[in-house]
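Chemist: Coordinates only, no sequence provided:
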C-alpha cells in the first residue's frame, strides 16, 4: 500500500479546533502503528488567522515526527467572501454563483491542488478533513475515486450547498464521527454503502481525575455544574448561563456553574458563576471528577470529546436535546439526561442532584461505552482495515 495524504486547510501541533485535534491524533497514532502518511496543507497558521497570510514557509518539513507539505495560499477577495457569508449568517440561501464565490474566495491554494493532480499516483488514498474549506472542496474533486472524507458535518447552512453535494457525492467513501452525522450525509448527499462508515474519535484513556485536589486548588466546596470548551453564543453557553441563573432564582441551592476554556463572551458578575479560563490538562481532568455533572449546551456537534472525558472521569452528562449527536450518545448509553427548554433543564438538574446513585450508574454506563468503542487502539484498528480495504478496491 502506498502512502496516504491527509488534505486539510491548516495544520499545527498546538492550534485549536475539533477537526484539527482529530487529524493530529489520527495522524500520530496511525503513523505509530506503521502506516505511511503525510499532511498536505497550506501555509496559513490556523482557522482564526488571516487566510491571506502565508505564516509558515512553504515546503516539506517534519513536525513532531509527522511529514507536512505546505503550499502558499493565493490572495482572496475578502469583501466578496464576506458578502455571501453574511447572507448565510442571516439565514438566506445562496445562488450557484454565490456558492462558487464562497468556495473560491475562502482559504485556497492552487499550488496544493496542482500538486495533488501531478503527484496523485504516489498516494493510495487522499483523506480530506473537514468538509467546508477550499483545499478540501477542490482537492476532493481531483481524484474522487481515491478520496475519503472525514467531513465533521453539522446540519448548518454550509452543508446544504448544491456544489458540495455535487462534489462530495462522488468521493470513494466517508468516515463519520457519529451515526446522526452519517444519516445527515446520506440525506444531503445521497451517500451510502460499505465505504461510508461510522468510527468516532480516538480518546486518550490513561488518565484519572482527583476531585479533592481540584476543590483544594480552586477553593470550591459547593456542588457545581461543569462546562469545558469555547465560551460563545455559538456553543449556546449564553443559554446555559441564563438557565443556570433562572434555576438559582427558583431553587434554594448553593449550586455553582464552573466554566473552563477560552472565548470572549462577557460573563455576568456573580459569585456562583466561576470562569477559570484555560487550565492545564490535569486540572481539567480533576474538574470533571469534582463536578456534580458535566453540561454540553451546544446544538452542533459531530462528536463531543468533552462528554466522553466526563464519562471517563466518572461523572454523568446533561446535553442539549436539540443536538442530534449528543442526544444520541446519551440515549444509547443511558449516560445522562437531555433538555430542550428551561422547564426540562430545571427538571434534569433537580433529578441529577437528588439521585446520586443513579448518577453513578449513568457515569459508569458512559465510561463503558467509551472504553468499548473509542480507545485509540480500537480506532486505529478500524481505520487501518478500512483504508487498506478501500485502497485495494482500486
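Modeler: Thanks, I have the structure now. These numbers come from a predicted model, not from an experiment.

Chemist: Which parts of the stretch 1-150 of the chain are helices?
Modeler: Ranges of helices in the stretch 1-150 of the chain, per DSSP state H, counting those that start in this stretch, are 18-32, 78-89, 96-104, 110-119, 134-139.

Chemist: which stretches of the stretch 1-150 of the chain have low pLDDT?
Modeler: Along the stretch 1-150 of the chain, the model assigns pLDDT under 70 to no residue.

Chemist: Can you check the pLDDT for the nearest residue to residue 251 once chain neighbours are set aside?
Modeler: The shortest distance from residue 251 to any non-neighbouring residue, by Cβ to Cβ, 6 or more residues apart in numbering, is to residue 350 (7.3 Å). Quick note: C-beta positions are derived from backbone N, CA and C, even for glycine. pLDDT, residue 350: 96.

Chemist: wait, isn't residue 350 in contact with residue 252?
Modeler: No. If you go by Cβ atoms under 8 Å, residue 350 and residue 252 don't touch, sitting 11.7 Å apart.

Chemist: Which residues lie in contact with the nearest residue to residue 157 once chain neighbours are set aside in this structure?
Modeler: Once flanking residues are discounted, residue 157 sits nearest to residue 88: 4.6 Å by Cβ to Cβ, 6+ apart. Going by Cβ atoms under 8 Å, 6 or more residues apart in numbering, residue 88 touches 94, 102, 157, 158.

Chemist: Not counting sequence-adjacent ones, nearest residue to the second one?
Modeler: To tie it back to what came earlier, the one meant is residue 102. residue 84 (4.9 Å).

Chemist: tally of neighbours for that neighbour?
Modeler: Using other Cβ atoms under 10 Å, residue 84 is surrounded by 20 other residues.

Chemist: Contact partners for it?
Modeler: Applying Cβ under 8 Å, 6+ apart, the residues near residue 84 are 94, 98, 99, 101, 102.

Chemist: still on that earlier bit, of the contacts of residue 88 - the most surrounded one?
Modeler: Going by other Cβ under 10 Å, residue 102 tops the contacts of residue 88 with 23 neighbours.

Chemist: So residue 200: helix, strand or coil?
Modeler: Here residue 200 is coil, with the state taken from DSSP: H, G, I helix; E, B strand; the rest coil.

Chemist: okay, now it: neighbour count?
Modeler: 22.

Chemist: pLDDT value on it, please?
Modeler: The predicted local distance difference test score for residue 200 is 95.

Chemist: I'd guessed it sits against residue 372; true?
Modeler: No. When contacts are counted by Cβ under 8 Å, residue 200 is not listed as touching residue 372 (10.9 Å).

Chemist: ok so, going back, a markdown table please, covering the contacts of residue 84 and showing distance to residue 75.
Modeler: Output for the contacts of residue 84, formatted as a markdown table (distance: Cβ to Cβ, whole Å):
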| residue | distance to residue 75 |
| --- | --- |
| 94 | 22 |
| 98 | 20 |
| 99 | 21 |
| 101 | 15 |
| 102 | 16 |
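
Chemist: can you list the helices of the stretch 1-150 of the chain in a markdown table and add distance to residue 365?
Modeler: Formatted as a markdown table, those follow (distance: least, Cβ to Cβ, whole Å):
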| stretch | distance to residue 365 |
| --- | --- |
| helix 18-32 | 24 |
| helix 78-89 | 38 |
| helix 96-104 | 42 |
| helix 110-119 | 44 |
| helix 134-139 | 36 |
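
Chemist: So which of those helices has the densest surroundings on average?
Modeler: helix 134-139 (a mean of 24; mean count of other Cβ atoms under 10 Å).

Chemist: Please tell me how far that helix is from the chain's geometric centre.
Modeler: Mean C-alpha position of helix 134-139 versus that of the full chain (Cα atoms, centre = their mean, to the nearest Å) differs by 19 Å.

Chemist: can you list the residues that contact that helix?
Modeler: With Cβ under 8 Å, 6+ apart as the contact definition, helix 134-139 has outside contacts at 7-9, 40-42, 103-104, 106-109, 112-113, 116, 126, 128-131, 147, 149, 163-164, 167.

Chemist: same thing but 7 Å
Modeler: 7-9, 42, 103, 106-109, 112-113, 116, 126, 128, 130, 167 (Cβ atoms under 7 Å, 6 or more residues apart in numbering).

Chemist: Same check on stretch 264-283?
Modeler: Outside stretch 264-283, the residues that touch it by Cβ under 7 Å, 6+ apart are 214, 218, 231-232, 237-238, 241, 248, 256-262.
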